[in-house]
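Undergrad: coords below, sequence missing:
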C-alpha cells in the first residue's frame, strides 16, 4: 500500500519507528534503502529524510559509507538513562501534584484502580498499558512541553531494549506499591514526596532489570 501524506518523510519515519519498536527491524540490523523504497513505494529522498529523523532520535545509528543500522541499547546505556529519566519524571510528578484538580485526582483514581486490578490478576501486558497511561497522565498534568519532550525522547530509546522488568520475582507488587505511594503523595498535595516517590519508582525499575538479566544469564550457564 502506497504511503500518502502532506509530509511523506514524517509518515515514513513513523512507519519505521513502529517497526523498530515491534522488533520487525531488529536491533543491529542494516536498513537496505533500495529494499525499503520498493516495499514502501517511495523515492530515496523522503526515505533519507526519515532516516535522518530516526538517527536524531537515537533509534538508528549512521555509519559513513555503510548506511543506517537499528540502534542497540547496552547495559551501560540503561545505567546512564534511568537516573536521568528518574529525575525528569520525578519533576513531572512534582509539577503534576502542584497543579492537580479534584477532577484530575478522580481520573487518576480510576487509572490506579485499573492498575490494581491488573496486578491482582497477574495480567502483565494490561498492567504495562495502565502503567504507561498513569505516567502519561502525570506528564500531561505537569504541563511542561520541554519536560515532556525530553522524557519522550528517552522513552523511545528505552523501548529499543524491549524491557521486561515486571518479570523479576515480586516486581509486579512492588511496582504497584510504588505507584500507590506516588498517588498518595499527590492526593496529599505533597509535591516533594511525589517527586521522591516517582524517582524511587524509576530507579527500582533499573534494579529489577538487573535481576532479570542475572536470572537469564544464570539459566544460560547451567
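TA: The structure has been received and is ready for your questions. Because the structure is predicted, anything quoted here is derived from the model rather than measured.
Undergrad: what packs against the lowest-mean-pLDDT helix or strand in the chain?
TA: Least confident element among the helices and strands of the chain, by mean pLDDT, DSSP states H and E: helix 191-220 (a mean of 86). Counting by 3 or more CB pairs under 8 Å, 6 or more residues apart in numbering; DSSP states H and E, the packing neighbours recorded for helix 191-220 are helix 75-99, helix 171-187. All C-beta spots, glycine's among them, are computed from the backbone N, C-alpha and C.
Undergrad: Any chance you could list what contacts the helix or strand just after the longest one?
TA: Towards the C-terminus, the helix or strand next in line after helix 75-99, according to DSSP states H and E, is helix 102-121. By CB atoms under 8 Å, 6 or more residues apart in numbering, the list of residues contacting helix 102-121 from outside reads 100, 124, 126-127, 130-131, 133-134, 137, 141, 172-173, 175-176, 179-180, 183, 186-187.
Undergrad: returning to what we had before: in TSV: the helices and strands packed on helix 191-220, plus mean neighbour count.
TA: What follows is the helices and strands packed on helix 191-220, written out as TSV (neighbours: other CB atoms under 10 Å):
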stretch	mean neighbour count
helix 75-99	18
helix 171-187	19
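Undergrad: Show me the shaky parts of this protein.
TA: Applying pLDDT under 70 to the chain picks out residues 1-6, 162-163, 216-222.
Undergrad: Mind doing that once more with 90?
TA: Where the chain drops to pLDDT under 90, the residues are 1-9, 21-23, 26-27, 58, 72-75, 156-169, 208-222.
Undergrad: circling back to that earlier point, can I get the helices and strands packed on helix 191-220 in a markdown table with distance to residue 145?
TA: Formatted as a markdown table, these follow (distance: least, CB to CB, whole Å):
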| stretch | distance to residue 145 |
| --- | --- |
| helix 75-99 | 12 |
| helix 171-187 | 21 |
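Undergrad: for those helices, which one sits closest to residue 196?
TA: With respect to residue 196, and counting by CB to CB, the nearest of these is helix 75-99 at 7.0 Å.
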